[in-house]
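Undergrad: Predicted model follows, preceded by the sequence.
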Amino acid sequence: MNRRNFLTFTALTPLFARDLMAVEDNINLNNEITNSVYLPQKEWNTLVMLRNRIRALKKYVGFANFNILSFNDSLFYARNYSAIGKFTKDELTLIDKLFYEDPQEYGFYGIKTCFNLNNKISKKDIKKIPRTGHYLFRGKPLEDYKRLKQDVGSSLILTSGIRNTMKQLSLYCDKIYKHKGNITRASTSIAPPAYSYHTTSDFDVGRKGWGHKNFTAQFAQTKEFRKIRKLNYISMRYTINNQDGVRYEPWHIKVI
């Protein structure tokens, strides 16, 4: 990090200072080598407002509907319902940046899966999975999930299915917020909005009753995962040390 950027970053809130000092030394809080990129202060402020607006949007349309909601429909609801409120110019600019920028700067090297921020998902092409709040694409994704349920057993559950651009943007913003503006760390935890295979095919599974642990490496220790690894009609998308730069995700099913 050059001196000009470092001085700019240290002008941010005290909340960031500890991480930024660590970045200057190329060491993060977990003592790992890093070259982290952070949101500038103005964009951090915008992110906080955007995240709150998206959460209000999700509350209004409902969890399941939010998974497949298009960007233009999101703008419509925001304009017409005061509980959400119209997206600001700065928020729309940040959305464009997070969707269209090249995430290789942040250490994410996956391929782009969605080229249109206003990606539309037709109801006739998808199937809602009962008691999950999630959808799957008809065809191979749905067939693979049904086969998994038969081969692995009733303890296997769908934890995340289709995510349209707004849903993936929401999750990405949450990760950036969690990591105090560190986009590099966020991008190793979840794919940026235009790079998620959840928009085109993939889905996540877990063990019934496991909650958040289903989204940790602990899932690899379960009997469900061991059974999954023996099947030849699906694969893991993000293996250990994968080339995309994403963390190990044993729960993420790659539709092949």
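TA: Received, thanks.
Undergrad: how about the strands in this protein?
TA: 126-129, 134-137, 156-160, 203-207, 234-238, 249-255 (DSSP state E).
Undergrad: Contacts for the second one, please.
TA: The reference is to strand 134-137. 64, 67-68, 125-129, 142, 145, 158-162, 200-201, 203 (C-beta atoms under 8 Å, 6 or more residues apart in numbering). For the C-beta atoms, the positions are set from N, CA and C on the backbone; glycine is no exception.
Undergrad: who touches the nearest residue to S74 once chain neighbours are set aside in this structure?
TA: In space, and not counting its chain neighbours, S74 is closest to M166: 5.1 Å by C-beta to C-beta, 6 or more residues apart in numbering. Going by C-beta under 8 Å, 6+ apart, M166 touches I54, L57, F66, L69, S70, F71, S74.
Undergrad: Can you tell me how far the last one is from C173?
TA: Per C-beta to C-beta, to the nearest Å, S74 is found 13 Å from C173.
Undergrad: neighbour count winner among the two?
TA: S74 (25 against 22; other C-beta atoms under 10 Å).
Undergrad: Report how many residues lie close to the closest residue to N116 other than its chain neighbours.
TA: Nearest non-adjacent residue to N116, counting by C-beta to C-beta, 6+ apart: T165, 8.0 Å away. Residues lying near T165 (other C-beta under 10 Å) number 24.
Undergrad: For D96, grab the count of nearby residues.
TA: By the criterion of other C-beta under 10 Å, D96 has 11 neighbours.
Undergrad: Am I right that it is in contact with K89?
TA: No: D96 lies out of contact with K89 (C-beta atoms under 8 Å); the separation is 10.7 Å.
Undergrad: Do a quick rundown of the helices in the stretch 101-250 of the chain.
TA: Under the criterion DSSP state H, counting those that start in this stretch, helices of the stretch 101-250 of the chain are mapped to 140-152, 165-178, 183-189, 223-228.
Undergrad: Format these as CSV; extra columns: mean pLDDT and distance to E105.
TA: Below are these laid out as CSV (pLDDT from 0 to 100; distance: least, C-beta to C-beta, whole Å):
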stretch, mean pLDDT, distance to E105
helix 140-152, 97, 31
helix 165-178, 98, 14
helix 183-189, 95, 8
helix 223-228, 97, 33
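Undergrad: a markdown table please, covering these and showing distance to Y238.
TA: Output for these, formatted as a markdown table (distance: least, C-beta to C-beta, whole Å):
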| stretch | distance to Y238 |
| --- | --- |
| helix 140-152 | 17 |
| helix 165-178 | 15 |
| helix 183-189 | 10 |
| helix 223-228 | 14 |
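Undergrad: Between the ones you listed, which one is closest to I234.
TA: helix 140-152 (5.4 Å; C-beta to C-beta).
Undergrad: Compute the distance from the centre of that closest one to the centre of its chain.
TA: 23 Å (C-alpha atoms, centre = their mean, to the nearest Å).
Undergrad: Pull up the gap between the nearest residue to T200 once chain neighbours are set aside and Y197, please.
TA: Nearest residue to T200, sequence neighbours excluded (C-beta to C-beta, 6+ apart): T113, at 5.0 Å. Distance from T113 to Y197, counting by C-beta to C-beta: 6 Å.
Undergrad: In helices only, show me the contacts of M166.
TA: Among the contacts of M166, DSSP state H puts I54, L57, F66, F71, S74 in helices.
Undergrad: contacting residues around A83?
TA: Contacts for A83 (C-beta under 8 Å, 6+ apart) come out as A56, K59, Y60.
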